[in-house]
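**Q** coords please:
(chains A and B)
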Amino acid sequence: IENLHDVFPGNETKLGMSRGVPEPKLTAVDAMIDKLTGAIFVFQLVVVIVLGIAGNVWKETEAIKINSILISGFVMAHRPKQWYVRYPPEGQWYELLIIPLRFELLCSIMIPISIKVSLDLVKSLYAKFIDWDIEMYDPESGTSSHAANTAISEDLGQVEYILTDKTGTLTENRMIFRRCCISGIFYGNESGDALKDVDLQNAVFTGSPDVIRFLSIMAICNTVVPTKSKSGTISYKAQSQDEDALVNAAAHLHVTLASKSGNIIVINYNGSNIQYELLDTLEFTSDRKRMSVVVRDCQNGKVILMSKGADEAILPYSFPGQHTKIFCEAVEQYAQLGLRTLCLAWRELMEDEYREWSLMFKEANSTLWRLAEVCQRLEHNLEILGVTAIEDHLQDGVPETIEMLRKAGMYFWMLTGDKQSTAIQIALSCNFISPEPKGQLLLIDGKTEDEVFRSLERVLLTMRITTAEHKEVAFVIDGWALEIALKHHRKAFTELAILSRTALCCRVTPSQKAQVLQSSLAMLHGLRYGCWVQLVELLKSCDYRTLAIGDGGNDVRMIQQADIGVGISGREGLQAARAADYSIGSNINQYFIAEFRFLTRLILVHGRYSYNRTAFLSQYSFYKSLLICFIQILFSFISGVSGTSLFNSVSLMAYNVFYTSIPVMVSVLDKDLSEKTVMQHPQILFYCQAGRLLNPSTFAGWFGRSLYHAIVVFVISMHAYANEKSEMEEVAMVALSGCIWLQAFVVALETNSFTILQHLAIWGNLAAFYIINWILSALPASGMYTIMFRLCRQPTYWLTMLLITVAGMGPVLALKYFRYTYTPSKINILQQAERLGGPILSLGNIEPQSRSFEKEVSPLSITLPKNRNPVYEPLLSDSPNSTRRSLGTVTPFDFFQSSSRLSSNYSRDYKTN
Amino acid sequence: MAGSSSAVAGSTAPGRNPNRPKYSKFSQQELPACQPILTPKLVITAFTIIGIIFIPIGIASLSASQDVVEISNRYETECIPEGYRSTKDDKIQFIQNPQSNKNCTRTLTVPKHMKQPIYVYYQLDNFYQNHRRYVKSKSDKQLRSPGSESDTSDCKPENNANGMPIVPCGLIAWSLFNDTYSFTRNNYVSLTVNKTGISWKSDREHKFGKGVYPKNFQSGGLIGGGSLVSSIPLSEQEDLMVWMRTAAMPTFRKLYGKIEFDLQANDVIEVSLKNNYNVYSFNGKKRIVLSTANWIGGKNDFLGVAYITVGGICFFLALCFTALYLKKPSRLQDPSYLTWNTNPGPL
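**A** Alright, predicted model coming up:
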């Protein structure tokens, strides 16, 4: 179907307006951080309230309230009183609030403000890494990748659903005319290239009228603009690659579109010019799925209607009596080959008929009202001339990319405007679905709602049964059925979407059947959502992270709607249009890659690293803030719960800004696994997808670590600096240096790969801490005057530091080692293999399927059906956030839970589904 | 454009294409990196080495701490006459009565030879020098320069007396410790206590001004602790300086003076003290401590014990890990046999 993907509407068109205003995106990681921040805030409030009350109680029972003027001599009351802590006898009404507020001030550092700044910084670096990546540079088109939004790289690592457009995304969008069927004769079937078919060349040479008419329509019925260069060669500017292909093919067959000036179209056939006067253009719309032109043959004055369009938009309108069967077969045959088909037809118009219609058309054209209906009045009783078949090459590496991403657990949806059989063919050729018997393809269609529903139910049933077998089940749904399913059978369709790893949606139009959609929820928003957008919404409502990839134009709205949008920017000739489209979307969530195959790298390398790094950085930020805060809280227990700050304000400020923020920043260079290993084991992405590295349970670990470290630092410094050494500034500095030492080692322990920059940042920071404090200690005006010099001269200070470090890190190291060795995660296993030179290099040769099969028979692994159950997430089964998949709407999922009870053991089979 | 630069041309002549990202090891995230992993060998060795280092350090610290000779004597109850000891109110009455005789004598026996200098400390228990209201109640400016006499806003309620600013103002100075000690050895030789140089040099030179003299001190309605000789500038009031270095813990020692004379074992030291300071209100304790010092400072077993414990635990862990390793050698797992459908353990 022509033009569908290749129309680049302006901003004021309906399509342009339907893009709407994109909302700002919040990544899943950000959402999680916000949640954790909320939890910490509640914790902070509890601490403040409890300590505030305790502080007031201490004040009432221990401190003394006296008025120094009134009382002298026997002032001390009978209860024990810290007489040197004197409060005025009568406080203001807010007196009770002072101590809680002091604690609030002390605890305010619990929530690291710096986290936002650090995250913004590292996120922009992630984006830069994408821009800089030389492996995602396409030398052919000279385009590098680009991250338009710097804030959402982590989400790339957590993508679960990929919705991909076909034309221009999976394919090159470089159309080549391959075959045609003219009046029942097939050309190009033997050689695969109609232009080289001798029969066709002969037919052109002998001037077979059908063939010439066919070629004329190819040359005329379009919106192509020919331009003649000085040397006399004609080049074409076409909005649509299909039209370009047709015009070029016609020219190749000696029917050349020579010029278009005003209304006069000149066709050059065998050296002679034939002129046509262009009367009307019945433009292409995605609803009509065809375009027509009305021309007057200047030689004989006949008015001719020429149409081209999708088979279902042309074939039903043939004149009664014409046998269209051969054309149906041709269309079917071409579609099987994965070719894009267009039907060409024409009709001679009576002068009267045309004049009458022309008036109507002008009126309709000026009012833009019932235009389609008016066009329809002319486009009937057509004489079908033939079918063209255009090939759209798959881009390099598309099958490999899809296979790898599917291994990484992605759920793929392909959306295309092609015919069903074309779509299936393309899907097969790019590994989307497997051929029989391994794969199974289910069909959802139907003309009426009931039929669609029955079909949907049937597919769902089959799907539930077949998930038990190791079969790749995919389903195909056409646009009409999709619409009905989305509107009336959301529940069933959602389940289907979750069960099926792959789906094809064909003949999806950007805003299909406006009347259906307008009655739906979309109307409320005043937006005309396309089905794709609805699909994205549906997946998002189930809490799945979606990535939409397309080349622009009519998929912009979908791209904006998805969590992540990826634009293919590699193909030349489309860039200008695309840039315009994307710039309107203010680049809320977009990445641009030159070719589809770079998607693997974008997700597996950049997305994964970004997620891992952010997960560490954010949790570490909480850790260090909590550490210092816990020390303050512990100190308040030995300072009369009065809210005394152990550390002076300079140290506190510098702690967050300098001492602790720099080492962690270099974690943006950290790599847990090499890129190669990740590419060999794309399954490792599950850790990111399931949010295994940043969730409440990992956070609890960091929380516990900071509490433990705070206790270590506090207890050791208070005991080592007891008695005559217990000067406050000194003790504070001992505790602070203890924290700095610990945090340096924590970062070191959590770093997987040390580059020179890491060493510089971690150990350099430690040195910088001492230098800064020596400088501060050299200033007589500062409260820390001489403190650091005094401490550094004492052997006990260094012994204390060593003790704090070892006591703090020892258990952490032991625990980490124990887990690493005895309950290793997949990441750890791969790390070991990678770094100890394990059998990793031989991996490429091993067929993954056979491997997984071996495993399935072993008793260790789970052999039961691997359903994707939305509530149960196997990767998280033993962590508290297994309810991450809790869904917005509750009702649809009761259904799932009951169905999942059918079998005792559900898990996702990553290999074979 | 597509035709103009082939793939080969693009990669060999990067300069030709302005869009081509510049190659650097940093931008490609390819900086050479060392990637240590926690192998049993590494971890066991690390713990063993820590054990080997820690236990000797622990023993050294502990013996250093044991070498310190320390005499500590608690006197707050004993220095109250028998008649006043029964209730707390009696004690408070006694201590607050300016007329009562506060003199008291304590006898200490030197257990071991004590090399000079011998430090004399007083120790207070349950005294919250770190309380926020207390610790903030001073004026650094006022202490430093004579011009800032009236800079007493932080010192309430001890800021003004009789309408004039108090120098030094604030609760810390006001509650200055004022028990005094003098020593005689073996009943006849009086031991001089050197009270100069007990404060920090930096305090004498920078924190407490040479031209700042005590004014209006302890002249309000309520007497807190000790008073100061108003003719001596603050930079020479070393007891005050020591006191104003607030302690971080409710139990602390502060330097009273130094005895620059060796004491022999079994020497009997008689301490004549004036029990002026009120710790009875808050059930506090007072001690006098005589102690020598070495590289570790005063007597403090904590570091030694902690080092030995941590070293021991590390040894133990190393042993456990070795045993585990020998019993169940963690075979290097072949990643090609990873099953992705089992539940990986927590991170």
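
**Q** Three-state assignment for the residue lying closest to residue A:284 once chain neighbours are set aside, please.
**A** The shortest distance from residue A:284 to any non-neighbouring residue, by CB to CB, 6 or more residues apart in numbering or on different chains, is to residue A:291 (3.9 Å). Where C-beta positions appear, they are placed from N, C-alpha and C, glycine not excepted. What DSSP: H, G, I helix; E, B strand; the rest coil gives for residue A:291 is strand.

**Q** Residue A:291: neighbour count?
**A** 24 (other CB atoms under 10 Å in any protein chain shown).

**Q** just the one 4 residues further on next, same as before
**A** Each residue near residue A:295 was counted by other CB under 10 Å, and the total is 24.

**Q** So which bits of the stretch 51-200 of chain B are right by chain A?
**A** By CB under 8 Å from any CB of the partner chain, the residues of the stretch 51-200 of chain B that approach chain A are B:54, B:57, B:61, B:88-89, B:92-93, B:96, B:119, B:121, B:123, B:127-135, B:156-158, B:171, B:174-175, B:200.

**Q** For stretch A:702-719, buried residues please.
**A** For stretch A:702-719, burial by neighbour count (16 or more other CB atoms under 10 Å in any protein chain shown) applies to A:702-703, A:705-710, A:712-714, A:716-719.

**Q** Repeat that for stretch A:663-683.
**A** In stretch A:663-683, counting by 16+ other CB under 10 Å, buried: A:663-675, A:677-683.

**Q** buried sites along the helix or strand harbouring residue A:365?
**A** Counting by DSSP states H and E, the element that carries residue A:365 is helix A:351-367. Buried residues in helix A:351-367, counted by 16+ other CB under 10 Å: A:354, A:357-358, A:361, A:364-365.

**Q** Dump those to TSV, plus distance to chain B and pLDDT.
**A** As requested, the buried residues of helix A:351-367 are arranged in TSV below (distance: CB to the nearest CB, whole Å; pLDDT from 0 to 100):
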residue	distance to chain B	pLDDT
A:354	43	90
A:357	44	89
A:358	43	88
A:361	40	88
A:364	41	84
A:365	38	81
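
**Q** nearest to residue A:607, of those?
**A** residue A:365 (48.5 Å; CB to CB).

**Q** tell me the contacts of the closest one?
**A** By CB atoms under 8 Å, 6 or more residues apart in numbering or on different chains, residue A:365 lies in contact with residue A:371.

**Q** mind checking the SS state of residue A:383?
**A** Residue A:383 - assigned by three-state DSSP - is strand.

**Q** Tell me how far it lies from chain B.
**A** Using CB to the nearest CB, to the nearest Å, residue A:383 is found at 39 Å from chain B.

**Q** Residue A:704 now?
**A** Distance from residue A:704 to chain B, by CB to the nearest CB: 13 Å.

**Q** roughly how far apart are the residue nearest to residue B:58 when sequence neighbours are not counted and residue A:487?
**A** Nearest residue to residue B:58, sequence neighbours excluded (CB to CB, 6+ apart): residue B:307, at 3.0 Å. Here the criterion is CB to CB, to the nearest Å. By it, residue B:307 lies 73 Å from residue A:487.

**Q** Kindly report the same for residue A:275.
**A** Counting by CB to CB - residue A:275 and residue A:487 are separated by 50 Å.

**Q** So which elements touch the top helix by length along chain B?
**A** If you go by DSSP state H, chain B has its longest helix at helix B:40-67. Judged by 3 or more CB pairs under 8 Å, 6 or more residues apart in numbering or on different chains; DSSP states H and E, helix B:40-67 is in contact with helix A:795-822, helix B:302-327.

**Q** For the last one, name the packing helices and strands.
**A** Using 3+ CB pairs under 8 Å, 6+ apart, the elements in contact with helix B:302-327 are helix A:696-720, helix A:795-822, helix B:40-67.

**Q** Turn the ones you listed into TSV, columns for mean pLDDT and distance to residue A:46.
**A** Shown next, in TSV, are these (pLDDT from 0 to 100; distance: least, CB to CB, whole Å):
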stretch	mean pLDDT	distance to residue A:46
helix A:696-720	95	14
helix A:795-822	93	26
helix B:40-67	94	37
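
**Q** export those to CSV and tack on distance to residue A:302?
**A** Output for the helices and strands packed on helix B:302-327, formatted as CSV (distance: least, CB to CB, whole Å):
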stretch, distance to residue A:302
helix A:696-720, 77
helix A:795-822, 84
helix B:40-67, 90
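
**Q** With respect to residue B:76, which of the ones you listed lies nearest?
**A** helix A:696-720 (23.8 Å).

**Q** Give me the pLDDT for the closest residue to chain B within the stretch 51-200 of chain A.
**A** Ranked by CB to the nearest CB, the top residue of the stretch 51-200 of chain A for proximity to chain B is residue A:139, at 2.3 Å. Looking at residue A:139, its pLDDT reads 80.

**Q** Output the lowest mean pLDDT helix or strand found in chain B.
**A** Using mean pLDDT, DSSP states H and E, helix B:7-12 stands out as the lowest-scoring helix or strand of chain B, at a mean of 37.

**Q** pLDDT value on residue B:253, please?
**A** Looking at residue B:253, the pLDDT reads 94.

**Q** ugh, typo on my part, it should be residue A:349
**A** Residue A:349 is given a pLDDT of 88.

**Q** which phi and psi does it have?
**A** Residue A:349 has phi and psi values of phi -100, psi 140 when expressed as degrees, to the nearest 10.

**Q** Spell out the secondary structure type for residue A:549.
**A** Following three-state DSSP, we place residue A:549 in the strand state.

**Q** ok, now which ones touch it?
**A** A:162-165, A:169, A:559, A:565-568, A:596, A:599.

**Q** circling back: didn't the residue nearest to residue A:284 look like it was pressed against residue A:305?
**A** No. Judged on CB atoms under 8 Å, residue A:291 makes no contact with residue A:305 at a distance of 11.2 Å.

**Q** So what's the residue count around residue A:283?
**A** Residue A:283, neighbours per other CB under 10 Å, totals 17.

**Q** With adjacent residues omitted, what lies nearest to it?
**A** residue A:291 (6.0 Å).

**Q** who's the one you found bridged to?
**A** residue A:308 (DSSP bridges).

**Q** And it, what's its pLDDT?
**A** Reported pLDDT for residue A:291: 88.

**Q** measure it to residue A:624 for me?
**A** 64 Å.

**Q** for residue A:198, same thing?
**A** 78 Å.

**Q** Now do the helices in the stretch 551-700 of chain A.
**A** A:556-561, A:575-584, A:598-600, A:608-637, A:649-654, A:661-665, A:675-680, A:686-689, A:696-720 (DSSP state H, counting those that start in this stretch).

**Q** Tell me which of the ones you listed is the most buried.
**A** helix A:556-561 (a mean of 27; mean count of other CB atoms under 10 Å in any protein chain shown).

**Q** and that one, average pLDDT?
**A** 72.

**Q** Break chain B down into its domains, please.
**A** Annotated domains of chain B cover B:37-68+B:297-326, B:71-292 [automatic domain parsing].

**Q** Pull the contacting residues for residue B:261.
**A** B:116, B:118, B:191-192.

**Q** Next, the closest residue to residue B:123 other than its chain neighbours: secondary structure please.
**A** Nearest residue to residue B:123 in three dimensions, chain neighbours excluded: residue B:287, at 4.0 Å (CB to CB, 6+ apart). Assigned by three-state DSSP, the conformation of residue B:287 is strand.

**Q** Now do the strand or helix carrying residue A:96: distance to the chain's middle.
**A** Counting by DSSP H and E, the element that carries residue A:96 is helix A:95-107. Put simply, helix A:95-107 sits 44 Å off its chain's centre (CA atoms, centre = their mean, to the nearest Å).

**Q** what's the answer for stretch A:136-153, then?
**A** 15 Å.

**Q** Repeat that for stretch B:56-76.
**A** With CA atoms, centre = their mean, you get 16 Å for stretch B:56-76.

**Q** Buried residues, that stretch. List them.
**A** Applying 16+ other CB under 10 Å to stretch B:56-76 flags B:57-58, B:60-62, B:64-65, B:68-71, B:73, B:75-76 as buried.
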